[in-house]
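Peer 1: No sequence on hand, only this structure:
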């Protein structure tokens, strides 16, 4: 069965809640109850949780499927990809990966985290395994745009 696709803002909000230790039933309950004040305390700079609450109420089945079976980002910007690495995998730029401007390089990830990332990353990004087992269960990756833009305008 194909994974549910979520817009990056909703997916990152779910990941923020999970990172704060909330389990799937609690996340569903908080969104169902619309406790925006509590959600905003989770939010780390997210401007409004009202959009997430509204989205949940209009798309309960999709949200429950995403929580229980996983999801795929419909599209990811480089900034959102970096946020995902930070929120979901507790990675730090400059330590666990390097932003070269064109792609993310020297991405260090365990096999399990690599599997999770592959399952959710948007199709506009390609993960390239550079080195396997550079340390104990640690892989070195490069993450680049699948189709690089061509700015040769004539």
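Peer 2: Cool, got the structure. Just so it is clear, the structure is predicted and the values come from calculations on it, not from any experiment.
Peer 1: Spit out the contact partners of residue 139.
Peer 2: With contact set as CB atoms under 8 Å, 6 or more residues apart in numbering, residue 139 has these partners: 108, 109, 110, 111, 114, 129, 131, 132, 133. The way it works is simple: take the backbone N, C-alpha and C, and place the C-beta from them, glycine included.
Peer 1: in the lowest-mean-pLDDT helix or strand in the chain, what counts as buried?
Peer 2: The weakest-scoring helix or strand in the chain, judged by mean pLDDT, DSSP states H and E, is helix 36-42 (a mean of 82). Within helix 36-42, the residues scored as buried using 16 or more other CB atoms under 10 Å are 39, 42.
Peer 1: just checking, what packs against that helix?
Peer 2: With contacts defined as 3 or more CB pairs under 8 Å, 6 or more residues apart in numbering; DSSP states H and E, helix 36-42 has these neighbours: helix 8-19, helix 24-33, helix 50-58.
Peer 1: so which strand or helix has residue 81?
Peer 2: Per DSSP states H and E, residue 81 falls inside helix 78-89.
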